[in-house]
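Chemist: coordinates for the following, if possible.
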Amino acid sequence: MQRLEIKGGKKISGIINISGSKNATLPILASTILTDKKVLITNVPIVKDVETMVDLLQAMGSNIKFDKKNKKVLIKNKKKLSTFASYSMLKTMRAGVLVLGPLLAKYGFAKVSLPGGCAIGSRPINLHLDALKKMGANIKIKDGYIIASAKKGLSGCSIKFKKISVGATENILIAACFAKGLTKLSNCALEPEIQDLITFLKKLGCRIKWKKKRNLEIYGMQNLKSALHKVIFDRIEAGTYIIASALTNGVLKIKNIDTSIMSAEINLLKKSGVKIVNKKNYVLVSCKKKLKSLNIVTKPYPGFPTDLQAQIMVLMTKAQGVSEIKENIFENRFMHVSELRRMGAHIDIKGNTEKILGKRQLNGAELMETDLRASVSLVLAGLVASNKTILNRVYHLDRGYEKIEKKLTNCGAQIKRLK
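Modeler: Now for the predicted structure:
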């Protein structure tokens, strides 16, 4: 099993190119099930979750080719796909469940494994299943699989999600694009990755309109077109490297980024004392001031993202005073806390709220990664820790960060992968 070795105390300064968004790429790939025309997707991140989704679509019979050198995915589906998505494919990637909606909409049947992925909470898929039932699907769970059928196809209807869910919004949005008639969705998620999915679906010829802030109308279409699409940048990766620079008092130029969709993150980081300056083709990050403590609440977009909660917690261990983070999205997203405590962090948890005592010197230790974002928070901690940090279970990190050790090493970090 591979590990990372980090020797802390080095400034993160230089240039980092931000990769395409994993969380935008995955639903876009799932949605290509709907079309028989050629699709070319560019700016695709080379991360394990994307590779797994490509493998899943190949296993289902999709004519899909991943050009990793040029970060492109080309799809030419000429024949009917298999409607089976196995556990072996979905056990490490929760987004695999996104094939359920398009398979059911196009072929009237799907047998899809219940998803795996990060163990950061139950994240039930009842919102997906309840919505598909309203659209005419018969669904049962058997032997760890979702078995769904709609002999007459899915039909448009009005659906209000009981809570805001990125995955449910994506799955039902894709399904509705191939359903009969008009589908009205309310209480939808608004994440930039969903906006990018909609942009792609419109290129296929899908008719989608925002009616109000969280309300969508989708008119089902069966004759879809060919499309070329460039995936948006990964805002979570960008936020992670901004924090890395601020933690180490480096000066970092971050390219391939649009801060207009990162207002909550940027504003909070600036409030803490991080200097972020927009230039013509890049963002310049530095932090010469003493960091200030923050009170943070994770919320659905446009609020502060849960996917940056663990990373900003590490930053707050260096801030003055006591910071507070309230996690409102997932109920089990503090698994990194025990590992940070082993490094010397002073963090108290009560319910879904954590208090972080700042101005702490972190010390290197051997650590265990538990999920994607927790893993990268431990990398950040290792960058500012004294001595050496060893991170086990690096595969969590590889699911969502492209060449992280290379990007950090090029900016001054001492980090290497051990076999």
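Chemist: pLDDT weak spots in the stretch 251-400 of the chain?
Modeler: Scanning the stretch 251-400 of the chain for pLDDT under 70 picks out the ranges 331-333.
Chemist: how about the helices in the stretch 151-300 of the chain?
Modeler: 166-176, 192-203, 235-247, 263-272 (DSSP state H, counting those that start in this stretch).
Chemist: meant to ask about the stretch 301-419 of the chain
Modeler: Using DSSP H, counting those that start in this stretch, helices in the stretch 301-419 of the chain cover 309-316, 336-342, 372-384, 395-398, 404-409.
Chemist: can I get those in JSON lines including distance to Thr248 and mean neighbour count?
Modeler: Where C-beta positions appear, they are placed from N, C-alpha and C, glycine not excepted. Output for these, formatted as JSON lines (distance: least, C-beta to C-beta, whole Å; neighbours: other C-beta atoms under 10 Å):
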{"stretch": "helix 309-316", "distance to Thr248": "11", "mean neighbour count": "27"}
{"stretch": "helix 336-342", "distance to Thr248": "17", "mean neighbour count": "19"}
{"stretch": "helix 372-384", "distance to Thr248": "6", "mean neighbour count": "27"}
{"stretch": "helix 395-398", "distance to Thr248": "19", "mean neighbour count": "20"}
{"stretch": "helix 404-409", "distance to Thr248": "10", "mean neighbour count": "20"}
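Chemist: can you list the domain ranges for the chain.
Modeler: 3-19+233-418, 22-230 (automatic domain parsing).
Chemist: make CSV out of the helices of the stretch 301-419 of the chain and add distance to Ile28.
Modeler: Converted to CSV, the helices of the stretch 301-419 of the chain look like this (distance: least, C-beta to C-beta, whole Å):
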stretch, distance to Ile28
helix 309-316, 25
helix 336-342, 29
helix 372-384, 19
helix 395-398, 21
helix 404-409, 23
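Chemist: of all those helices, which one is nearest Ile139?
Modeler: Nearest to Ile139 among the helices of the stretch 301-419 of the chain is helix 372-384 (28.6 Å), distances taken as C-beta to C-beta.
Chemist: how far off helix 309-316 does the closest one point, in degrees?
Modeler: Angle, helix 372-384 to helix 309-316, by axes from the mean of the first three to the mean of the last three C-alpha atoms, to 10 degrees: 20 degrees.
Chemist: on that earlier part again, the helices of the stretch 151-300 of the chain: which one's closest to Lys69?
Modeler: Of the helices of the stretch 151-300 of the chain, nearest to Lys69 by C-beta to C-beta is helix 235-247, at 20.0 Å.
Chemist: centre of the chain versus the closest one, how much separation?
Modeler: Its chain's average C-alpha position is 15 Å from that of helix 235-247, according to C-alpha atoms, centre = their mean, to the nearest Å.
Chemist: next, the angle from it to helix 309-316.
Modeler: Using the same axes, to 10 degrees, helix 235-247 lies at 10 degrees relative to helix 309-316.
Chemist: how much space between the residue of the chain most remote from its centre and Leu26?
Modeler: Distance from the C-alpha centroid of the chain, by C-alpha atoms, centre = their mean, peaks at Lys152 (34.0 Å). Between Lys152 and Leu26 the computed distance is 29 Å (C-beta to C-beta, to the nearest Å).
Chemist: just Tyr241 next, same as before
Modeler: On the measure of C-beta to C-beta, Tyr241 and Leu26 end up 21 Å apart.
Chemist: hmm, back to that, and the helices of the stretch 151-300 of the chain as a markdown table, adding distance to Leu380 and mean neighbour count?
Modeler: Shown next, in a markdown table, are these (distance: least, C-beta to C-beta, whole Å; neighbours: other C-beta under 10 Å):
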| stretch | distance to Leu380 | mean neighbour count |
| --- | --- | --- |
| helix 166-176 | 24 | 26 |
| helix 192-203 | 23 | 20 |
| helix 235-247 | 6 | 26 |
| helix 263-272 | 13 | 17 |
